[in-house]
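The following comprises the amino acid sequence and a computationally predicted model.
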Amino acid sequence: MSIEVQNLTKIYGSQIALDEVSFSIGPSEIVGFLGPNGAGKSTTMKILSGYVNETSGSAHILGMDVSTDGLKIKKRVGYLPELNPLYGDMFVKEYLGFIADIYKIKDSRTAINKVIDSTGLGSECHKKISQLSKGYKQRVGLAQALINDPDVLILDEPTSGLDPNQMKEIRNLILSLGEDKTILLSSHIMQEIEAMCSRVIIINKGKVIADDTLDAVKKNWGNKQNSIHVRFRDAIDLSILSSISAIKSIDSIDEKTFIVYSEPHVDLAELLFKFAVTSDTIIVEQREQEKSLESIFQKLTDYD
């Protein structure tokens with residue numbers, strides 16, 4: 001396995017950031033690491049990258065223990081942190097040269113030109129990093145993560161700040177890198193995860209709550225409830241609709257439009273029709289709510 005995590009725990013004072021987290025990732029896998037803010041994603045990535053020590057449990061990268069083989073691991077891992085710290089007074093090539101020197105890369109010029117080309121930084125090389133847009137700063141961060149040609153990439157929000165065209169370019173780059181590298185990436189953009197990852201790990205409140213292929217997560221969790229997007233002709237009394245025992249929850253879009261959830265065995269369409277009749281209104285729009293990764297994520301993490 002490229003990444004192995006067993007009962008990983010991290011405690012800050014009285015706060016448990018990670019609570020016995022376990023998972024493994026094989027070679028050439030692109031795995032999405034999902035969770036709400038504060039769930040423990042960045043803490044896990046920092047431990048795997050050797051920047052934070054675990055409280056207990058273990059983590060191995062390419063068979064090496066992160067707590068004892070930190071320097072060896074850093075030579076074979078590329079890490080893009082969420083905040084992407086950069087030296088604003090350095091020029092792009094100057095900064096990448098500085099990173100190449102840290103890694104003691106022999107042919108640094110070739111390595112620098114390669115990552116500049118792959119991340120689309122060519123037109124910005126003459127600028128200082130402080131002069132770059134947020135999107136191009138993100139590309140510089142990705143370039144430094146790639147400069148040592150790592151076997152494992154750990155990317156925390158790699159498309160943050162990018163416009164749609166830039167997202168597509170970076171997505172294609174990550175997909176191509178995944179052909180021979182193991183990639184663990186975190187993102188709040190579910191469409192990006194669906195486009196790049198065949199597997200997802202979802203973490204909430206420091207615990208892994210789902211770990212499976214993307215298709216399996218959609219099948220296993222998406223089928224746990226029905227959901228219908230419905231719009232009534234008139235404003236309705238939400239308290240009456242909510243009081244129906246077969247209905248699990250309701251997301252209000254406006255006073256007439258709702259996403260209604262029920263158990264899978266319930267004929268939700270018929271239930272809503274009967275409600276409309278007794279409420280002296282009609283349904284003007286109704287469709288089954290797509291069971292997207294985003295909707296499943298929201299339900300699994302108790303999104304309100």
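Now that the structure is in, tell me what you want to look at. Numbers count the residues shown, from 1 in each chain.

domain ranges for this structure?
With domains defined by automatic domain parsing, the chain comprises 3-220, 224-300.

I'd like those laid out as JSON lines, including mean neighbour count and mean pLDDT.
Every C-beta, even on glycine, is put in place using the N, C-alpha and C of the backbone. Below are these laid out as JSON lines (neighbours: other C-beta atoms under 10 Å; pLDDT from 0 to 100):
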{"stretch": "domain 3-220", "mean neighbour count": "18", "mean pLDDT": "92"}
{"stretch": "domain 224-300", "mean neighbour count": "15", "mean pLDDT": "86"}
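
gap between the closest residue to residue 35 other than its chain neighbours and residue 94?
Excluding its sequence neighbours, the residue lying closest to residue 35 (C-beta to C-beta, 6 or more residues apart in numbering) is residue 203, at 4.0 Å. Distance, residue 203 to residue 94, using C-beta to C-beta, to the nearest Å: 37 Å.

now residue 37
34 Å.

same deal with residue 131?
Applying C-beta to C-beta to residue 131 and residue 94 gives a distance of 13 Å.

what about the strands in this protein?
Secondary structure of the chain (DSSP state E): strands located at 3-12, 15-25, 30-34, 56-61, 64-65, 77-80, 152-156, 182-186, 199-204, 207-213, 226-232, 247-252, 257-262, 283-288.

So which residues make contact with the shortest one?
Contacting residues not belonging to strand 64-65 are listed as 58-59, 72-73 [C-beta atoms under 8 Å, 6 or more residues apart in numbering].

again, 7 Å this time
Here strand 64-65 makes contact (C-beta atoms under 7 Å, 6 or more residues apart in numbering) with 58, 72-73.

My guess is residue 23 contacts residue 7. True?
No: look at residue 23 against residue 7 with C-beta atoms under 7 Å: they stay out of range, at 10.9 Å.

Helices of this protein, start to end?
For the chain, helices defined by DSSP state H occupy the ranges 41-48, 70-76, 92-102, 108-118, 134-146, 164-177, 190-196, 214-222, 238-242, 268-278, 293-300.

can you list these in TSV and add distance to residue 248?
Converted to TSV, the helices of the chain look like this (distance: least, C-beta to C-beta, whole Å):
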stretch	distance to residue 248
helix 41-48	27
helix 70-76	45
helix 92-102	50
helix 108-118	46
helix 134-146	39
helix 164-177	34
helix 190-196	22
helix 214-222	14
helix 238-242	10
helix 268-278	10
helix 293-300	9
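
Looking at those, spot the one closest to residue 230.
Of all the helices of the chain, helix 268-278 sits nearest to residue 230, with 5.5 Å by C-beta to C-beta.

Just list what the closest one packs against, helices and strands only.
strand 226-232, strand 257-262, strand 283-288 (3 or more C-beta pairs under 7 Å, 6 or more residues apart in numbering; DSSP states H and E).

ok, the closest residue in space to residue 76 that isn't next to it in sequence - contacts?
Nearest residue to residue 76, sequence neighbours excluded (C-beta to C-beta, 6+ apart): residue 151, at 4.9 Å. Contact analysis of residue 151 by C-beta under 7 Å, 6+ apart lists 62, 76, 181-182.

dump the residue contacts of the nearest residue to residue 11 once chain neighbours are set aside.
Leaving aside its sequence neighbours, residue 11 sits nearest to residue 55 (C-beta to C-beta, 6+ apart; 4.7 Å). Going by C-beta under 7 Å, 6+ apart, residue 55 touches 9-11.

Next up, the contacts around residue 268.
Residue 268 neighbours (C-beta under 7 Å, 6+ apart): 226, 228, 260, 262.

hmm, 10 Å instead?
Contact analysis of residue 268 by C-beta atoms under 10 Å, 6 or more residues apart in numbering lists 225-228, 230, 246-247, 260-262, 286, 288-289.

could you dump these to CSV with distance to residue 207?
Shown next, in CSV, are those (distance: C-beta to C-beta, whole Å):
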residue, distance to residue 207
225, 21
226, 27
227, 25
228, 31
230, 34
246, 30
247, 28
260, 29
261, 23
262, 27
286, 36
288, 31
289, 27
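
So which of those is the closest to residue 169?
For the contacts of residue 268, the nearest to residue 169 is residue 289 (31.6 Å; C-beta to C-beta).
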